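K.L.:
Let me see the structure of the following:
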Amino acid sequence: MRRGIRYWLPPLLWMGIIFYFSSRPRVTITHTYIYDFVIFKLFHMIEYGILYFLLFRALFSASKTKLTVSQKHLIAILLAVTYAISDEIHQTFIPTREGRVRDVFIDTVGILLMYSYIRYNFSKIKNLLI
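P.N.:
Residues are numbered from 1 along each chain as shown. Coordinates of the predicted model:
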């Protein structure tokens, strides 16, 4: 039980943080559309890359199933993308926000970048996962 909480609480908390920020009205940083667009889309990629990392870590470390590492990667990707879709649906109910398929693709890029990083540096970062 403790082990499950240790590994599954971080991705659940991160999902809560994403939900919180998605529930807020739209904000600007620079008051220039293109700069704000780039900054916020980079945030999307980073936040979903982190979510993927936390989900993969939970699956890799806490799971006592006979799943292969590749299957754990796939499950983490599917969970993160599903959450991205649900987040965009959620944003359609928030004034000044809108859910966009484009944002799901941007989130997915962040997820796949983190997947690639973990996959190609697995031997170096394996200790971070445990």
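
K.L.:
how about the strands in the protein?
P.N.:
Assigned by DSSP state E, the chain shows no strands.

K.L.:
So for the nearest residue in space to residue 103 that is not next to it in sequence, what pLDDT did the model give?
P.N.:
Once flanking residues are discounted, residue 103 sits nearest to residue 88: 5.6 Å by C-beta to C-beta, 6 or more residues apart in numbering. The way it works is simple: take the backbone N, C-alpha and C, and place the C-beta from them, glycine included. On pLDDT, residue 88 comes in at 96.

K.L.:
dump the residue contacts of residue 88.
P.N.:
Taking C-beta atoms under 8 Å, 6 or more residues apart in numbering as the criterion, residue 88 is in contact with 99-101, 103-104.

K.L.:
What segments of this structure are helices?
P.N.:
With DSSP state H as the criterion, the chain has helices at 2-22, 33-62, 69-91, 101-120, 122-129.

K.L.:
nearest spatial neighbour of residue 108, skipping sequence neighbours?
P.N.:
Nearest to residue 108 is residue 81, by C-beta to C-beta, 6+ apart, at 5.7 Å.

K.L.:
okay, now that neighbour: neighbour count?
P.N.:
Residue 81 has 19 neighbours, counted by other C-beta atoms under 10 Å.

K.L.:
And residue 119, by the same measure?
P.N.:
With other C-beta under 10 Å as criterion, residue 119 counts 13.
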